[in-house]
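**Student:** Here is a sequence with its predicted model. Questions after.
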Amino acid sequence: MEANVIVVGGGPAGVITALTAKSVYPQKSVCLIKEIGDSVIPCAIPYMMHTLSDPQQNVMGNKPLEDAGIDIMVDKVVSIDTEAHKITLALGQDISYERLVLAIGTESVLPPIPGIDKANVFTIRKSLSAMKTLRQQVHRSKKVAIIGGGFIGAEFADELSQDSEVEIHVIEMMPKLLYTAFDDSFCDEVSKVLSTAGVQIHTGCRVASINGDTHVSSVTLDNGVVIDADLVLVSIGAKPASELASNAGLRVVDNGSIWVDDYMRTVVEDVFAVGDCALKRDFFTRRAVPVWLASTATAEARNAGTNLYGIRVMNQMQGTIAAFSTKIGGISLASTGMTSRTCEKEGFRYVTTTASAPDRHPGMLPNANSLTVKLIFADRSGILLGGQISGGESVGELINTIALGIQKKVTVRELDMMQIATHPLLTSAPTVHPFVNAAHQALAQMRVTAGKRSDRS
């Protein structure tokens, strides 16, 4: 068998690569090979526990691929012969290719905790059957311990708190939940919302052991605290799935990612890599970073799918800006670019300001929420480095405006003069819009600082 383009992986990166390739090169045959036949939409996995009435509602269907004329195979690629331009499947079939794209994601790595192999200890798996099993056990459990206070851990805790009879604990080794994505005030807001919902939070500690005979009965923290639990969810521990690539002679960097250039090309001719398995470079420092997001993966997929047979679009991947959004309880939060914490770690001199206002005007209108925007700028050039937002559901799209501003290197002066659309039922008032106001306050702060520098010179 042969195909012009073979895409290995059925997640967002693989699907978008295949669809883009077929759109840009309609004369080429495209085949997508995936290991999981009942794959689900990754970002919505937490909501398969309660919010979705039927887990089937989160299945990642094949219809867009089928409608585009893309062949789909459920099998595992076990080897790649890059010289012969051929892959071999677990069932023994060989398929020849002109272009090969690896979109094989990450694989779970269980932390070396004694007892982690006990029954009712679960990891996040991206298949419908696995998540149905987890859902069944969640509904039977009364005491749940979640190891990991990142986005998955926090969202699962929020989701499980819908059952008021379940005791939920979140254990996070960092000082705060969502520590790598937000500065302290936003992290504290997440903890407050979860605590109000009855979730018990343990930060700055690790799980020393998972206890019980064959089934989990409790977990012991490294500070000696013992937490009763009849289900443990492990939401930490993953690495890029790169063994297949390494065995084929592709370059794999120290963190396990497949090396790619700005066009998602590997060191081997005609072989590309996209998504979580591929090297991510920070937008600001170009250092390798473990940022695994569907939004980043699909941008890479469009880049690779467009440039498979020659560079058609130049220099589109300048690095990841780590754009996140989530909803915990009734609060929406989002972050992109650098935080104050990362600026200090990387040695960036910065100015930051925060502004708040209702997201309706007047603020007494129904469904109004307080909207808080924090912006971070380079202290001399005024270039936008990052932003964080909390508030109502408008946060989900406002963060994308900030993300675009970062990628286009927008300055504080441009944001201060930004023209915006407003409406009483949709947005903050134009007179106090926190996005513009945060920029205006930062510019005023920079002028004062510049004046002091001038006085000293």
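**Tutor:** Great, that's in hand. All values derive from a computational prediction rather than experimental measurement.

**Student:** can we go C-alpha only for contacts and neighbour counts from here?
**Tutor:** OK.

**Student:** My understanding was that Val351 contacts Ala444; is that so?
**Tutor:** No: assessed by Cα atoms under 8 Å, Val351 is found out of contact with Ala444, at 10.6 Å.

**Student:** Now stretch 323-340 - C-alpha only, CSV.
**Tutor:** Below are the C-alpha coordinates for stretch 323-340, written out as CSV (Å, rounded to 0.1, in the frame of the first residue of the first chain):
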residue,chain,number,x,y,z
ALA,A,323,-1.9,30.7,25.9
PHE,A,324,-4.1,29.0,28.5
SER,A,325,-7.7,29.4,29.6
THR,A,326,-9.9,27.6,32.1
LYS,A,327,-13.1,27.9,34.1
ILE,A,328,-13.1,27.0,37.8
GLY,A,329,-16.5,27.2,39.5
GLY,A,330,-18.1,30.4,38.1
ILE,A,331,-14.7,32.1,37.4
SER,A,332,-13.0,32.1,34.1
LEU,A,333,-9.2,32.6,34.0
ALA,A,334,-6.7,32.9,31.2
SER,A,335,-3.0,33.6,30.7
THR,A,336,-0.6,34.1,27.9
GLY,A,337,3.0,35.1,27.4
MET,A,338,5.3,35.8,30.4
THR,A,339,4.1,36.1,34.0
SER,A,340,5.9,38.4,36.5
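
**Student:** what distance separates it from the centre of its chain?
**Tutor:** 11 Å (Cα atoms, centre = their mean, to the nearest Å).

**Student:** And the contacts of stretch 328-335?
**Tutor:** If you take Cα atoms under 8 Å, 6 or more residues apart in numbering as the criterion, stretch 328-335 is touched by 154-155, 158, 181-182, 186, 190, 193-194, 197, 322-327, 386-393, 395-396, 399.

**Student:** just stretch 58-75 next, same as before
**Tutor:** With Cα under 8 Å, 6+ apart as the test, stretch 58-75 has contacts from 15, 18-19, 22, 29-41, 44-45, 48, 52, 89-91, 128.

**Student:** which ones among those residues are found in helices?
**Tutor:** Among the contacts of stretch 58-75, the members falling in helices (DSSP state H) are 15, 18-19, 22, 128.

**Student:** Could you list the domains of the chain?
**Tutor:** For the chain, automatic domain parsing gives the domain ranges 2-35+75-107+239-306, 121-236, 331-456.

**Student:** Next, format those as TSV and append distance to Gln318 and mean neighbour count.
**Tutor:** What follows is the domains of the chain, written out as TSV (distance: least, Cα to Cα, whole Å; neighbours: other Cα atoms under 10 Å):
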stretch	distance to Gln318	mean neighbour count
domain 2-35+75-107+239-306	6	21
domain 121-236	20	19
domain 331-456	8	19
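
**Student:** need those domains in JSON lines with distance to Gly61 and mean pLDDT, can you?
**Tutor:** What follows is those, written out as JSON lines (distance: least, Cα to Cα, whole Å; pLDDT from 0 to 100):
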{"stretch": "domain 2-35+75-107+239-306", "distance to Gly61": "10", "mean pLDDT": "96"}
{"stretch": "domain 121-236", "distance to Gly61": "11", "mean pLDDT": "96"}
{"stretch": "domain 331-456", "distance to Gly61": "25", "mean pLDDT": "94"}
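
**Student:** can I get those in CSV with distance to Ala68?
**Tutor:** Converted to CSV, the domains of the chain look like this (distance: least, Cα to Cα, whole Å):
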stretch, distance to Ala68
domain 2-35+75-107+239-306, 7
domain 121-236, 24
domain 331-456, 29
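
**Student:** Ok, which of the ones you listed comes nearest Gln57?
**Tutor:** When the domains of the chain are compared by Cα to Cα, domain 121-236 sits nearest Gln57, at 9.8 Å.

**Student:** that's a strand at Gln137, yeah?
**Tutor:** No: using DSSP: H, G, I helix; E, B strand; the rest coil, the assignment for Gln137 is helix, not a strand.

**Student:** dump the residue contacts of it.
**Tutor:** With Cα under 8 Å, 6+ apart as the criterion, the residues that contact Gln137 are 120, 231.
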